[in-house]
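Undergrad: Give me the fold of what follows.
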Amino acid sequence: MSLGLLTGLLCGALLGFAMQRGRFCLTGGFRDMYIAKDNRMFYALLIAIAIQSVGVYTLISLGVFEFSAGTISLLAVIVGSFIFGVGIIFAGGCATGTWYRAGEGLIGSWIALVGYMLVAAMMRTGPLAPISTELKSYEVGNNSIAETFGVSPWVFVTILVGIVVLIVFRELNKPRVKIPSLKPKKTGLAHIFFEKRWNPFVTAAIIGVIATVAWPLSVATGRIGGLGITSPSANLLQFFVTGDVTFINWGVFLVLGILLGSMFAAKMAGEFRFRMPDVKTGLNSFSGGLMMGFGASLAGGCSIGNGLVMTAMMTWSGWISLLFMILGTWTASYFVFVRPRKKAQATRTQTVTA
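TA: Residues are numbered from 1 along each chain as shown. Next comes the predicted model:
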């Protein structure tokens, strides 16, 4: 087993640990933007994007590796990202969130993972591959935002950093309601790591650093890319089915590391336990996983691959995908949460006035 591949396991374990302890859930974050008008998790995502963008473009400037944005398949990105956004509401978590929540013992997340991995593999080398190939064939131009405008990518990196600094400054200066907490049972680092509630902005900063480090670690094994969930998840299932070791790569070790890191964090925090969903939730999780696998494969990335990594690389596919993932999440949230609540309220009103 290559030492380089093991760095994927370590990187994934750190990511899974940070996401589990920081409750870094983009599904909940996108949903709360619409339902609760709470943008803090979205702002946290922007922090992680900005940190990774500065880090990765610094590495590129130093000649550590090269990056080409390629072209963009606009139709595939729009359709796939919207479907992915719908799917994560039904699955109860995005691709990475599903991996780390599986590490907490949620059987529903395991069910979602099965659907996600199955369709992702079918979109790569199975019966759905022709659909993916056909929709991705409609390329519309350069995927690099900087090259489109004929400027250095540092122009857009600087703009993003400036926006993020203003957001963080504003958020940190807002008056906060002190939430009562129980008396700590742990002390020192044990309290900080496994008991204290992590600030989402601090979690995002940690994830941004991990996402930056992932690039040179991955490139060292011949895989040109940073964090990625969909292709490695498909590769893992393809390996189990075929036994072909060529499917095993740095990304496969990354997703396995996320599972193990999250499981360790949940165990140490006393939050690990097996939780079986009811039949309806289980079916929703599976159908959500199917949509996630289809959408992410079509769009060329999930909420991490596109929403965190390709946004940091200042690509059209990253930012357009992020927009349509959010729109898909809001659409599903309306039909799953908002509309039933409105109907229930209307029914109660009719009962009272009758």
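
Undergrad: When you work out contacts or count neighbours from here on, use the C-alpha atoms and nothing else.
TA: Will do.

Undergrad: list the contacts for Thr98?
TA: When contacts are counted by CA atoms under 8 Å, 6 or more residues apart in numbering, Thr98 touches Ala91, Gly92, Ser109, Trp110, Ala112, Leu113.

Undergrad: in the helix or strand it falls within, what's buried?
TA: Take DSSP states H and E as the rule and Thr98 turns out to sit in helix 95-102. Using 16 or more other CA atoms under 10 Å as the test for burial, helix 95-102 gives Ala95, Thr96, Gly97, Thr98, Trp99, Tyr100, Arg101, Ala102.

Undergrad: nearest to Pro130, of those residues?
TA: Sorting the buried residues of helix 95-102 by distance to Pro130 puts Ala95 at the head of the list, at 23.1 Å, by CA to CA.

Undergrad: I'd assumed Gly301 was in contact with that closest one.
TA: No. Between Ala95 and Gly301 no contact is recorded; they are 9.8 Å apart, counting by CA atoms under 8 Å.

Undergrad: on that earlier part again, can I get the buried residues of helix 95-102 in a markdown table with pLDDT?
TA: Below are the buried residues of helix 95-102 laid out as a markdown table (pLDDT from 0 to 100):
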| residue | pLDDT |
| --- | --- |
| Ala95 | 88 |
| Thr96 | 91 |
| Gly97 | 92 |
| Thr98 | 94 |
| Trp99 | 95 |
| Tyr100 | 94 |
| Arg101 | 94 |
| Ala102 | 95 |
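
Undergrad: so Pro127, which of the three states?
TA: Under the three-state scheme (DSSP: H, G, I helix; E, B strand; the rest coil), Pro127 adopts coil.

Undergrad: How many residues are close by it?
TA: The burial count assigned to Pro127 is 12, neighbours taken as other CA atoms under 10 Å.

Undergrad: again with Leu6
TA: When counting by other CA under 10 Å, one arrives at 17 neighbours for Leu6.

Undergrad: With adjacent residues omitted, what lies nearest to it?
TA: By the measure of CA to CA, 6 or more residues apart in numbering, the closest residue to Leu6 outside its immediate chain neighbours is Phe253, 6.8 Å from it.

Undergrad: where along the chain do the strands fall?
TA: Applying DSSP state E to the chain gives strands spanning 71-72, 141-142.

Undergrad: Pick the most buried one from these.
TA: Per-stretch averages of neighbours, counted by mean count of other CA atoms under 10 Å, single out strand 71-72 among these, with a mean of 20.

Undergrad: what's the average pLDDT for that one?
TA: Model confidence over strand 71-72, given as mean pLDDT, is 94.
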